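Trainee: please find the sequence and the predicted model below.
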Amino acid sequence: MSWVAAVARLRARREPGVLVTVATVRGHAPRRAGAKLVVGRTETWGSIGGGNIEAVAIDRARELIGAAAAEPESESEPELMEFALNDKVTGRHGVQCCGGAVTVLLEPLPVVQAVAVFGVGHVGLELARILARLHLDLHLVDTRPDMLTDERLGVLADAVAQVHVHHTPLLPEAVLAELPPGAHVLIMTHDHAEDAALCDAALRTAGLGSIGLIGSSAKWARFRQRLATEGGHDAAAIDRIKTPIGISGIAGKEPATIAVSVAADLLRSFERDSAKGRAVTSQAVTGQAVTSQAVTGQTVTGAVRLARASDALTVA
């Protein structure tokens, strides 16, 4: 399997991974610059030459995968690792004495955000057109088949996002249970009764990200009362639903204007979550000053974390 297909497989499975690339080669080495290895939680695809280099790179890649799982909102940065291939250096996985030196780049492949748009009418389609340009999983849900025709959704043909279309004639709320953990939900159907049912079901579905509802303050006042009296939800649960959605101060009612506002607000929430993750990571490493001299022989550039010293190799 090619590395491109391996990355696509991880993306389809919504599994994190690391792309490992031989960045530079000086002298003799098992592989040329550009060789690639894709590392998943339990599988690998491709090779950067085997031996200690590859084993150490896989170990480090899985550390990055584990760190991403522990702090899903944080962003792992790429790392450079340098290895000397001579008989003076012994690594955890043995000696490689080809005589050259190799620099390896590790690029984390995070699980992308997921967004579900319930209601692909005028606003929903405009929003889908914007979100489809981003690296995320985009779920489009509607009870009306004419909203989801190939001709109408043809504007998403060049999407960067992975688009999943759900035609649900009877119970669109059933899709909520199929969404990946942390998925952000935007409710904007043509039917207020359908919106109300989706709000109730979303509050009962564990593991969702944010929940947004399009509509006026009068609509929300009615919904809020029904969610409390008929749905039995307490105030804290109901407050999980954000309405109105979009950036305050943008008053235009054109579908494209609303879509831009909603998309911008959603991206801002992504950035906010990412900033929280980076703050947690920063606190975790505060006070751990590590110099290249302390980590014998291994140079790591642009990295948040350093590989263990026992895996390091000195470039002679």
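Mentor: Thanks, I have it. Numbering: from 1, shown residues only.
Trainee: how about the helices of the stretch 1-150 of the chain, start to end?
Mentor: According to DSSP state H, counting those that start in this stretch, the stretch 1-150 of the chain carries its helices in the segments 3-13, 51-70, 122-131.
Trainee: which among those is found nearest to Ala206?
Mentor: Each of the helices of the stretch 1-150 of the chain was checked against Ala206 via Cβ to Cβ, and the shortest separation belongs to helix 51-70, namely 18.5 Å. Bear in mind the C-beta positions are built from the backbone N, C-alpha and C, glycine included.
Trainee: quick one: mean pLDDT for the closest one?
Mentor: With pLDDT averaged residue by residue, helix 51-70 scores 89.
Trainee: show me what that helix is packed up against.
Mentor: Contact analysis of helix 51-70 by 3 or more Cβ pairs under 8 Å, 6 or more residues apart in numbering; DSSP states H and E lists strand 17-26, strand 36-39, strand 79-84, strand 101-109 as its packing neighbours.
Trainee: minimum distance to Gly119: which of those strands has it?
Mentor: With distances scored as Cβ to Cβ, the stretch of the helices and strands packed on helix 51-70 nearest to Gly119 is strand 101-109 (31.6 Å).
Trainee: which outside residues touch the closest one?
Mentor: With contacts defined as Cβ atoms under 8 Å, 6 or more residues apart in numbering, strand 101-109 is touched by 7, 10-11, 16-27, 29, 38, 48-49, 53, 57, 60-61, 64-65, 68, 75-85, 315-316.
Trainee: what pairs with it, parallel or antiparallel?
Mentor: Note on strand 101-109: by DSSP bridges, its sheet partners are strand 17-26 (antiparallel), strand 79-84 (antiparallel).
Trainee: quick one on the thing from earlier: looking at the helices of the stretch 1-150 of the chain, which is buried most?
Mentor: Between the helices of the stretch 1-150 of the chain, helix 122-131 has the highest mean count of neighbours, a mean of 22, where neighbours are mean count of other Cβ atoms under 10 Å.
Trainee: how about residues contacting it?
Mentor: By Cβ under 8 Å, 6+ apart, helix 122-131 touches 115, 117-118, 120, 138, 140, 142, 147, 152-153, 155-156, 161, 163, 186, 188, 214, 255-256, 258-260, 262-263, 266.
Trainee: those residues in strands, which ones?
Mentor: Within those, residues falling in strands by DSSP state E are Val115, Val117, Phe118, Leu138, Leu140, Asp142, Val163, Leu186.
Trainee: which one of those is nearest to Ile241?
Mentor: Ranking those by separation from Ile241, with Cβ to Cβ as the measure, puts Leu186 on top at 10.9 Å.
Trainee: my guess is the closest one contacts Ala114. True?
Mentor: No - in this structure, Leu186 is not within contact of Ala114 by Cβ atoms under 8 Å, at 11.6 Å.
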